[in-house]
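quick one, structure for this:
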Amino acid sequence: MLKLHEKSRNDTVATMADLGRRARAAARPLAIATTAAKNAALAAMAEAIIARERAILDANAIDIANGHEAGLSASSMDRLKLNPARIRAMAQGIRELAELGDPVGDVIASWERPNGLQIERVRTPLGVIGVIYESRPNVTADAGALCLKAGNPVILRGGSDSLNSSSVIHACLVDGLKAAGLPQDAIQLVPTTDRAAVGEMLKGLGGNLDVIIPRGGKSLVERVQTEARVPVFAHLEGICHLYVDRSAKLDMAVGIAVNAKMRRTGVCGAAETLLVDRAVASTHLVPILDALRAAGCEIHADAEVLKLFFDAKPATDADWVTEYLDAVIAVKLVDGVADAIEHIETFSSHHTEAIVAEDAQAVERFFNEIDSAILLHNASTQFADGGEFGMGAEIGIATGKMHARGPVGVEQLTSFKYRVRGSGQVRP
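Here you go, the predicted structure:
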């Protein structure tokens, strides 16, 4: 006789296999769907999200209450929480995505061979995408809409803590698919909180998943990268740095530092380490740290910084490799841009780094020598976002070097094929 958990696991395996088959069946009609049909679906999705704002907020209130009861961290609660502004932002992101060009069928490059063959490299959908994410119910809308625009069916596995919110948002996406006459199985939400569902996705759902994108904490991403039998777009964590050069304008440095750390502390583009050129320690350091403290930030400082700024805790070795996702920042003095680069290349997760400087040579060296997905000059690290890049919504920031790097937007969710046109050529 089967035990209850074994029966539950068997049910989950069957459910996931069915999701995979249905997604694969939706792949071909979605790949050849017209731009007009996809954009109509996106417009209807945005309208449905706005129309069902109250239902989304009610569902989110249940998730929030459950999160408090479960003792979720402040950063997790921030990512979980929805409000009218965030719901409007979800809908607006979908509308902006509809306004972007359709990548499918786009000719990336073309050339003619000496024998007269005409060759084109053309964008195509990647295939069936699996997205595994924690806490953020907005990812349901972002990922579903992005995959649709790129012609990819998607299977969404949100965290158990956001299932109520995600379910209502998913229903809005399905309404959009129905309105445009597109396959409803193009966007599916895993209906169970059973952890075995993730394991089935990592196995590839019987060959029906082509790519997996994890978006969540370090432990989730590490598990996906370790166990997945299909390609993965991922980043482990966002240990992002802000370097204030000796040539930086003080007011600009203060404004950028506060925004980079405190605008939203729970996002992966939040600055976690502040490096200040020792040459301007006497003029820039204290005003920047005073502003951060006034904004509610806890300072973890190296020994030199502690001598100049007393309202701080001593930094430990762990601080340089910690993604706080909270109102905490590690601070260190460095000997100019070379020393800053050395520190960043030693401790960075290669997500996002920023320099505040007026010295063009320092900026170019920073840009040329640091190997991170996103580099910014005189701008907050919180601009590490596909929407801010004009790419519409994004699924996440990829820090690997294969296929996609940086914001994973609609173009990054495509592959390509070659079209070769001849006039009777045969190969000698």
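
tell me the contacts of Pro153?
With contact taken as Cβ atoms under 8 Å, 6 or more residues apart in numbering, Pro153 is in contact with 23-24, 26-27, 30, 127-129, 147, 183, 185-188. The way it works is simple: take the backbone N, C-alpha and C, and place the C-beta from them, glycine included.

oh, I was asking about Ala171
Going by Cβ under 8 Å, 6+ apart, the list of residues near Ala171 reads 48, 52.

residue contacts, the closest residue to Ile374 other than its chain neighbours?
If the residues on either side of it in the chain are set aside, Ile374 comes closest to Thr352, at 4.2 Å by Cβ to Cβ, 6 or more residues apart in numbering. Contacts for Thr352 were tallied using Cβ under 8 Å, 6+ apart; they are 238, 240, 269, 372-376, 381, 384, 397.

and Asp106, by the same measure?
With contacts taken as Cβ under 8 Å, 6+ apart, Asp106 has the following neighbours: 122-123.

repeat that for the one 4 residues further on.
By Cβ under 8 Å, 6+ apart, the contact set of Ser110 is 118-121.

just the pLDDT for the residue nearest to Ile374.
At Thr352, the model reports a pLDDT of 95.

just the pLDDT for Asp194.
At Asp194 the predicted local distance difference test score is 91.

count of neighbours near it?
The number of residues packed near Asp194 is 19, by other Cβ atoms under 10 Å.

can you check the one 5 residues further on too?
When counting by other Cβ under 10 Å, one arrives at 15 neighbours for Gly199.

and if you look at Ala143?
29.

mind checking the backbone torsions on Val104?
With angles defined as degrees, to the nearest 10, Val104 sits at phi -70, psi 130.

about what we covered before: of the contacts of Thr352, which belong to strands?
Judged by DSSP state E, the subset of these located in strands is 240, 374-376, 397.

mind giving me the PyMOL select for the contacts of Thr352, buried ones only?
Typed into PyMOL, the next command selects the buried ones out of those (criterion: 16 or more other Cβ atoms under 10 Å):
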select buried, resi 238+240+269+372+373+374+375+376+381+384+397
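
tell me the secondary structure for Gly266?
Assigned with DSSP: H, G, I helix; E, B strand; the rest coil, Gly266 falls in the coil class.

any idea how far it lies from Leu72?
11 Å (Cβ to Cβ, to the nearest Å).

in stretch 195-205, what counts as buried?
Quick answer for stretch 195-205 (16+ other Cβ under 10 Å): 196-198, 200-205.

could you do stretch 21-29 as well?
22-27, 29.

hmm, back to that, got the ones in strands among the contacts of Thr352 as TSV, with distance to Ala253 columns?
Putting those into TSV (distance: Cβ to Cβ, whole Å) gives the following:
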residue	distance to Ala253
Cys240	16
Ile374	19
Leu375	17
Leu376	13
Ile397	24
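
among these, find the lowest-pLDDT one for me.
Ile397 (83).

show me the contacts for it.
Under the criterion of Cβ under 8 Å, 6+ apart, the contact list for Ile397 reads 235, 238, 268-269, 351-352, 373-374, 384, 406-408.

give me the below-cutoff pLDDT ranges for the stretch 101-250 of the chain.
Counting by pLDDT under 70, the stretch 101-250 of the chain shows low-confidence ranges at 236.

repeat that for 90
134-136, 159, 193, 195, 215-222, 225, 232-237 (pLDDT under 90).

what about the strands in the stretch 251-400 of the chain?
Taking DSSP state E, counting those that start in this stretch as the criterion, the stretch 251-400 of the chain contains strands spanning 271-277, 298-301, 313-314, 328-334, 352-356, 374-377, 397-398.

kindly reformat those as JSON lines containing distance to Asp11.
Conversion of these to JSON lines gives the following (distance: least, Cβ to Cβ, whole Å):
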{"stretch": "strand 271-277", "distance to Asp11": "41"}
{"stretch": "strand 298-301", "distance to Asp11": "46"}
{"stretch": "strand 313-314", "distance to Asp11": "49"}
{"stretch": "strand 328-334", "distance to Asp11": "43"}
{"stretch": "strand 352-356", "distance to Asp11": "41"}
{"stretch": "strand 374-377", "distance to Asp11": "42"}
{"stretch": "strand 397-398", "distance to Asp11": "33"}
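
circling back: just the contacts of Pro153: which are in strands?
Where those overlap with strands, as defined by DSSP E, the overlap consists of 129, 187-188.

ok, back up a step: make TSV out of the contacts of Pro153 and add distance to Thr15.
Putting the contacts of Pro153 into TSV (distance: Cβ to Cβ, whole Å) gives the following:
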residue	distance to Thr15
Ala23	13
Arg24	15
Ala26	17
Ala27	19
Leu30	21
Gly127	21
Val128	16
Ile129	18
Cys147	20
Pro183	19
Asp185	13
Ala186	18
Ile187	16
Gln188	10
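
so which of those is the closest to Ala294?
Of all these, the one sitting nearest Ala294 is Cys147; the distance, using Cβ to Cβ, is 42.1 Å.

contact partners for the closest one?
Neighbour list for Cys147: 129, 131, 153-154, 186-187, 413 [criterion: Cβ under 8 Å, 6+ apart].

now Gln118
110, 112, 420-422.

ok, then the element right after the helix or strand hosting Leu57?
Using DSSP states H and E, Leu57 sits within helix 53-70. Taking DSSP H and E as the definition, the helix or strand that follows helix 53-70 towards the C-terminus is helix 74-80.

tell me the helices and strands packed up against that next one.
Identification of packing neighbours for helix 74-80 by 3 or more Cβ pairs under 8 Å, 6 or more residues apart in numbering; DSSP states H and E yields helix 53-70.
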